[in-house]
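Chemist: everything below, folded, please.
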Amino acid sequence: MIRAVQSHERSDPQSDPNPPAWLSIREAASYLGVGPRLVRRLVREGRLPARRLHGAAHIPKEAIDRILDPFPRGPT
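Modeler: Numbers count the residues shown, from 1 in each chain. Alright, predicted model coming up:
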């Protein structure tokens with residue numbers, strides 16, 4: 001199922017059982033626990049990928065998750 005990305009759909013991506021695949025700058029900042037300014041800087045520096053969707057920058061949630069857990073755990 002493909003969903004349209006609309007930043008007003010969700011106010012807290014962390015509490016949603018089915019978070020969107022793309023987060024707005026503000027949603028990404030909330031998810032990371034930082035300010036939107038830092039997220040914009042990470043995008044500008046190329047440390048976070050972003051695409052324009054509906055006229056605003058959006059970041060793939062999987063890229064944000066990689067920042068939060070840079071060393072994924074595999075089978076031990």
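
Chemist: how about the CA coordinates for the biggest strand by length in the chain, as PDB?
Modeler: Identified as the longest strand of the chain according to DSSP state E is strand 56-60. C-alpha atoms of strand 56-60 as PDB (Å, rounded to 0.1, in the frame of the first residue of the first chain):
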ATOM      1  CA  ALA A  56       8.900  20.400   1.700                       C
ATOM      2  CA  ALA A  57      12.000  18.400   2.500                       C
ATOM      3  CA  HIS A  58      11.300  14.900   3.800                       C
ATOM      4  CA  ILE A  59      13.800  12.300   5.100                       C
ATOM      5  CA  PRO A  60      13.500   8.500   4.800                       C
END
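
Chemist: list the contacts of it.
Modeler: For strand 56-60, contacts defined as C-beta atoms under 8 Å, 6 or more residues apart in numbering pick out 5, 7, 21-25, 28, 39-40, 43, 48-52. Heads up, the C-betas are built off the backbone N, CA and C, glycines and all.

Chemist: which of those are buried?
Modeler: 5, 7, 22-25, 28, 39-40, 43, 48, 50 (16 or more other C-beta atoms under 10 Å).

Chemist: and the two most separated of those residues?
Modeler: Across those, the longest distance by C-beta to C-beta is 17.6 Å; it joins 5 and 40.

Chemist: what number of residues lie near residue 54?
Modeler: Neighbours of residue 54 under the rule other C-beta atoms under 10 Å: 10.

Chemist: circling back to that earlier point, now do the following helix or strand past the longest strand of the chain: distance to the chain's middle.
Modeler: Using DSSP states H and E, the next helix or strand after strand 56-60 towards the C-terminus is helix 61-68. Distance of helix 61-68 from the chain centroid (C-alpha atoms, centre = their mean, to the nearest Å) equals 7 Å.

Chemist: C-alpha coordinates for helix 61-68, CSV please?
Modeler: Extracted as CSV, the C-alpha positions of helix 61-68 are listed here (Å, rounded to 0.1, in the frame of the first residue of the first chain):
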residue,chain,number,x,y,z
LYS,A,61,12.8,7.0,8.2
GLU,A,62,15.2,4.2,7.6
ALA,A,63,18.0,6.8,7.3
ILE,A,64,17.1,8.3,10.6
ASP,A,65,17.0,4.9,12.2
ARG,A,66,20.5,4.2,10.9
ILE,A,67,21.7,7.4,12.8
LEU,A,68,20.1,6.1,16.0
